[in-house]
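Asker: generate coordinates for the sequence data below:
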Amino acid sequence: MSALPARLLGIACLLLSAATVRAAPIDVEMREAAQRHRQGDTAAAVAIWQRWAGQGDADAAYNLGLVYQHGDGVPADPARALIWYRAAADKGDKPAQFQIGLMYQNGEGVAADPAEAHRWFTLHRRHHLHHVHAPQMVAWRQQALALIDDRDRREQLAAARRDGALVVAELQRRAGLTPRPAQLALAAD
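Answerer: Reported below is the predicted structural model:
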């Protein structure tokens, strides 16, 4: 291996290990926050979630939305829940988008607005709607359907052969004839 590819490989390994080291504390702390919340220490959990939500973590923001919406260890505050759900939704969190839709549908923390609720319920679908008719997506769907049809036909053929062999073997048994070995093998499958 020449010096340049070896150097590039070394840099890539360092960057990957740095990303892993950076991701580990959030996972550890998010688990710790969840455990503290389950044990009733919601204040400590909220502090951890607020720190990570402030740094842009959608899961932490969503968790804060949940606890404030339901008053789970904190005073219920739907308006505050909506703020945290929006922070998560802005990062593309689909459950947060759905919760916002429910809040608009039920008038929880905001005035009831069916049109706004529908917008939040369908936000992620409209965002990806342009993919539906892309030639590559159409080709993939057609390929998947062809594979599924082929599998179904093979399974149906095998079942028909097996069932047919069982019927023939049963008829031969009733007639007092000995089934042929090939029929016994098919019936055993």
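Asker: ok, which stretches of this protein are helices?
Answerer: With helices called from DSSP state H, the chain shows them at 3-38, 42-54, 58-70, 78-90, 94-106, 114-121, 123-127, 135-175, 181-188.
Asker: kindly reformat those helices as JSON lines containing mean pLDDT and mean neighbour count.
Answerer: Where C-beta positions appear, they are placed from N, C-alpha and C, glycine not excepted. Output for the helices of the chain, formatted as JSON lines (pLDDT from 0 to 100; neighbours: other Cβ atoms under 10 Å):
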{"stretch": "helix 3-38", "mean pLDDT": "67", "mean neighbour count": "12"}
{"stretch": "helix 42-54", "mean pLDDT": "94", "mean neighbour count": "18"}
{"stretch": "helix 58-70", "mean pLDDT": "95", "mean neighbour count": "22"}
{"stretch": "helix 78-90", "mean pLDDT": "95", "mean neighbour count": "21"}
{"stretch": "helix 94-106", "mean pLDDT": "93", "mean neighbour count": "19"}
{"stretch": "helix 114-121", "mean pLDDT": "90", "mean neighbour count": "15"}
{"stretch": "helix 123-127", "mean pLDDT": "66", "mean neighbour count": "12"}
{"stretch": "helix 135-175", "mean pLDDT": "88", "mean neighbour count": "11"}
{"stretch": "helix 181-188", "mean pLDDT": "59", "mean neighbour count": "13"}
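Asker: show me what contacts the nearest residue to residue 29 once chain neighbours are set aside?
Answerer: Nearest residue to residue 29 in three dimensions, chain neighbours excluded: residue 48, at 5.3 Å (Cβ to Cβ, 6 or more residues apart in numbering). Neighbouring residues of residue 48 by Cβ atoms under 8 Å, 6 or more residues apart in numbering: 29-30, 32-33, 36, 60.
Asker: show me which pair in the residues you listed is furthest apart.
Answerer: 36 and 60 (13.3 Å; Cβ to Cβ).
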